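# Build me a structure from this.
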Amino acid sequence: MTVRRIGGVDSGGNPPARSAVRNAKLAALPIAFAGRRAAGLGKRAFGQPADVVNMEIQRRTAQHFFEVLGELKGFAAKLGQLLALYELGLSPELAEPYRIALSRLQDATPPMLPRTVHTVLAESFGPDWRAEFQSFDDRRAASATIGQVHRAVWHDGRAVAVKVMYPGARQAIHSDLEQVRRMSGLASVFVPNADIRALTDQLSECVIAELDFAAEAEQQRVFAAAFANDPDFRVPGVLAQRGDVIVSEWLDGIPLTRLIAGGAQPERDRVGMLALRFVLSAPERSGLLYCDPHPGNFRVLPDGRLGVVDFGACVPWPPPEFPLLVHDVADALFNGTPADLDAAMRRHGFADFETPFDVRALTEQLLPYTDLLRHDTFRADSAWLRDRVRSGMSPQLSNVNRQLTMPAFYTPFARSILTLLGLICQLGTTGPLRAEMLRWSPELAEVVQRHRAHTGGPVDLTAARTRRAATAKRDAAAG
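Numbers count the residues shown, from 1 in each chain. The predicted model follows:
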């Protein structure tokens with residue numbers, strides 16, 4: 001057996017948890033980036049084209065960045081998941097380095113060695129933990145940001161998934177936060193001029209909540225009861241939770257990552273619609289919002305149902321403010337004016353009542369999202385999402401998003417809906433998205449119905465956009 005040594009300490013092949021080791025790895029990232037930029041200046045001075053040099057810098061930085069995140073896990077790996085959405089917003093040729101590095105982050109993370117897994121199980125279930133199982137497979141069946149999953153047979157003969165948290169994950173995540181904040185020099189590679197501190201703070205709160213396995217097990221029980229005997233979904237039941245271990249029913253199925261890579265389009269469409277329905281229906285059925293709908297948390301089961309796993313990121317939903325927010329913003333876009341949108345954004349905490357922001361730019365940025373509601377059938381794909389992400393992450397100082405803030409209650413929904421959009425767009429989902437969205441949002445349905453009643457026909461957002469542009473042009477000429 002090969003044993004790696006990290007910083008002079010026997011790691012046993014496990015993700016490093018010691019603060020000094022993790023800090024050194026993270027601190028090396030901006031240093032290496034600065035070195036690549038300096039080397040790039042030299043290459044350009046000797047005649048290499050700037051675009052070729054910059055592409056090489058991006059490729060090597062992305063590879064290094066995600067390799068380190070994948071090895072460190074925890075908070076750092078969660079940041080890598082968010083950057084997967086940013087990758088969708090890049091042009092195909094620029095996105096390739098990120099896509100390759102992300103696949104390594106998701107598929108090549110180092111497993112815990114058996115002796116470490118056994119130690120965690122003994123700490124959680126006691127020294128006779130093996131009596132709980134008829135058999136236990138020491139090989140990792142799947143990985144997660146803060147742990148890994150093993151297949152086993154429970155004492156009553158049922159096949160089970162045993163989720164084991166990495167030793168030291170709690171300390172490592174808290175340590176990562178300060179180090180990731182110091183990586184702002186990499187922002188020009190990933191999200192130019194973005195507020196990295198605000199981003200890391202929000203992600204930190206989400207990941208810290210996922211460290212509570214008792215809460216995760218209870219949330220999974222709630223979802224399993226809410227979706228019991230459902231013809232479209234399967235949530236595995238929880239058999240036991242002790243300490244840093246959760247034992248739940250095993251799901252055999254095809255991971256969505258495989259379906260995205262090479263599945264037939266009709267099946268991709270079907271599964272994309274199911275994922276949309278699961279996330280949108282969950283608050284009504286369970287009282288919880290599922291905040292982490294990325295491809296690794298879904299399986300297509302042999303009977304065609306969509307299996308869902310990993311319930312660490314869930315919050316009670318909706319808060320009292322949310323239905324009115326949906327109504328007011330949608331009503332301003334469908335039936336109102338930019339002034340109505342300005343008032344709605346301020347009323348719900350996205351801007352204070354004194355600071356000006358470019359409401360017309362915001363209107364133009366939000367209207368394309370309402371394309372999802374324009375037709376009976378809509379195709380959501382990476383090209384459509386790429387335009388949305390590119391607009392929202394524009395490095396220009398005039399980007400209206402830099403003039404706004406986000407109220408705390410909205411953060412879990414933003415994480416959930418953006419990740420969901422990334423998933424259905426990766427699948428290239430074509431289907432009745434409008435009907436599914438209106439089914440689970442009476443506030444949105446009421447707004448769309450009023451628009452139809454007012455216009456005397458189906459929703460025509462293209463015409464609305466044309467009218468708004470003409471009004472803006474007249475206002476500008478008059479001013």
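
# Around residue 324, how many other residues sit close by?
Using other Cβ atoms under 10 Å, residue 324 has 14 other residues around it. No exception for glycine: its C-beta is placed from N, CA and C like everyone else's.

# how about it, what does it touch?
For residue 324, the contacting residues are 348, 443, by Cβ atoms under 8 Å, 6 or more residues apart in numbering.

# Wait, a helix at it?
Yes. The assignment for residue 324 (DSSP: H, G, I helix; E, B strand; the rest coil) places it in a helix.

# From residue 349, how far off is it?
Computed as Cβ to Cβ, to the nearest Å, the residue 324 to residue 349 distance reads 12 Å.

# same deal with residue 129?
Computed as Cβ to Cβ, the residue 129 to residue 349 distance reads 48 Å.

# And what about residue 406, helix, strand or coil?
Applying three-state DSSP: residue 406 is coil.

# Please apply the same query to residue 161.
Of the three states, residue 161 takes strand according to three-state DSSP.

# pLDDT score for it?
With respect to pLDDT, residue 161 scores 98.

# Isn't it up against residue 252?
No. Taking contacts as Cβ atoms under 8 Å, residue 161 lies outside contact range of residue 252: 10.5 Å.

# between the two, which one's more packed in?
Neighbours around residue 161 and residue 252, counted as other Cβ under 10 Å, are more numerous at residue 161. The numbers are 19 against 10.

# ok, that one - contacts?
By Cβ under 8 Å, 6+ apart, the contact set of residue 161 is 141-142, 149-152, 236, 247-251, 309.

# low pLDDT regions in the stretch 301-450 of the chain?
Within the stretch 301-450 of the chain, the stretches with pLDDT under 70 are 393-398.

# okay, the helix or strand harbouring residue 390 in CSV with CA atoms only?
For residue 390, the host element (DSSP states H and E) is helix 382-392. Coordinates of each C-alpha in helix 382-392 appear next as CSV, following Å, rounded to 0.1, in the frame of the first residue of the first chain:
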residue,chain,number,x,y,z
SER,A,382,-26.4,25.8,-22.2
ALA,A,383,-26.5,28.4,-25.0
TRP,A,384,-29.5,30.1,-23.4
LEU,A,385,-28.0,29.9,-19.9
ARG,A,386,-24.6,31.1,-21.2
ASP,A,387,-26.2,34.4,-22.3
ARG,A,388,-27.9,34.8,-18.9
VAL,A,389,-24.7,34.1,-16.9
ARG,A,390,-22.5,36.3,-19.1
SER,A,391,-24.9,39.2,-18.7
GLY,A,392,-25.2,38.8,-14.9
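
# which of the residues in the helix or strand where residue 449 lies are buried?
With secondary structure defined by DSSP H and E, residue 449 is part of helix 442-455. For helix 442-455, the neighbour count (16 or more other Cβ atoms under 10 Å) marks 443-445, 447-448, 451 as buried.

# does residue 305 really touch residue 231, like I thought?
Yes. Using Cβ under 8 Å as the test, residue 305 is close enough to residue 231 to be in contact (7.3 Å).

# quick one: which of the two has more around it?
Between residue 305 and residue 231, counting by other Cβ under 10 Å, residue 305 is the more crowded of the two (18 against 8).

# The nearest residue to the more buried one once chain neighbours are set aside: what's it in contact with?
Residue nearest to residue 305 in three dimensions, not counting chain neighbours: residue 234, with 4.9 Å by Cβ to Cβ, 6 or more residues apart in numbering. For residue 234, the contacting residues are 227, 251, 301, 305-308, by Cβ under 8 Å, 6+ apart.

# Got a ChimeraX select line for the buried ones in those residues?
Restricted to buried positions by 16+ other Cβ under 10 Å, the ChimeraX selection for the contacts of residue 234 reads:
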select :227,251,305,306,307,308
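
# Can you report how many residues neighbour residue 352?
As a burial measure, residue 352 scores 9 neighbours (other Cβ under 10 Å).

# Just confirm it is within a helix.
No. Counting by three-state DSSP, residue 352 falls outside a helix, being coil.

# what does the helix or strand containing residue 421 rub up against?
According to DSSP H and E, residue 421 maps onto helix 411-426. Residues outside helix 411-426 that contact it (Cβ under 8 Å, 6+ apart) are 81, 84-85, 88, 202, 205-206, 256, 260, 272, 275-276, 279, 289-295, 298, 313, 315, 317, 322, 380-382, 384-385, 388, 406.

# buried sites along that helix?
Neighbour-count burial for helix 411-426, with 16+ other Cβ under 10 Å as criterion, is recorded at 411-413, 415-426.

# Can I get that helix in CSV, CA atoms only?
Coordinates of each C-alpha in helix 411-426 appear next as CSV, following Å, rounded to 0.1, in the frame of the first residue of the first chain:
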residue,chain,number,x,y,z
THR,A,411,-29.9,33.4,-0.6
PRO,A,412,-31.1,29.7,-0.2
PHE,A,413,-33.6,30.2,-3.1
ALA,A,414,-30.9,31.8,-5.3
ARG,A,415,-28.6,28.9,-4.7
SER,A,416,-31.3,26.3,-5.4
ILE,A,417,-32.8,27.9,-8.5
LEU,A,418,-29.4,28.7,-10.1
THR,A,419,-28.2,25.2,-9.6
LEU,A,420,-31.5,23.8,-10.9
LEU,A,421,-31.2,26.0,-14.0
GLY,A,422,-27.7,24.8,-14.5
LEU,A,423,-28.9,21.2,-14.3
ILE,A,424,-31.9,21.4,-16.7
CYS,A,425,-29.7,23.4,-19.2
GLN,A,426,-27.0,20.8,-19.1
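
# Now the helix or strand just after that helix: buried residues?
Of the helices and strands lying after helix 411-426 in sequence (DSSP H and E), the nearest is strand 429-431. Buried residues in strand 429-431, defined by neighbour count with 16+ other Cβ under 10 Å: 429-431.

# do the same with stretch 164-172
For stretch 164-172, burial by neighbour count (16+ other Cβ under 10 Å) applies to 164-170, 172.

# mind putting the residues you listed in JSON lines, distance to residue 358 included?
Conversion of the buried residues of stretch 164-172 to JSON lines gives the following (distance: Cβ to Cβ, whole Å):
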{"residue": "164", "distance to residue 358": "49"}
{"residue": "165", "distance to residue 358": "45"}
{"residue": "166", "distance to residue 358": "45"}
{"residue": "167", "distance to residue 358": "49"}
{"residue": "168", "distance to residue 358": "46"}
{"residue": "169", "distance to residue 358": "42"}
{"residue": "170", "distance to residue 358": "42"}
{"residue": "172", "distance to residue 358": "41"}
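
# Which members of those residues are the farthest-apart pair?
164 and 172 (15.2 Å; Cβ to Cβ).

# so who does residue 298 touch?
Counting by Cβ under 8 Å, 6+ apart, residue 298 makes contact with 255-256, 271, 275, 306-309, 423.
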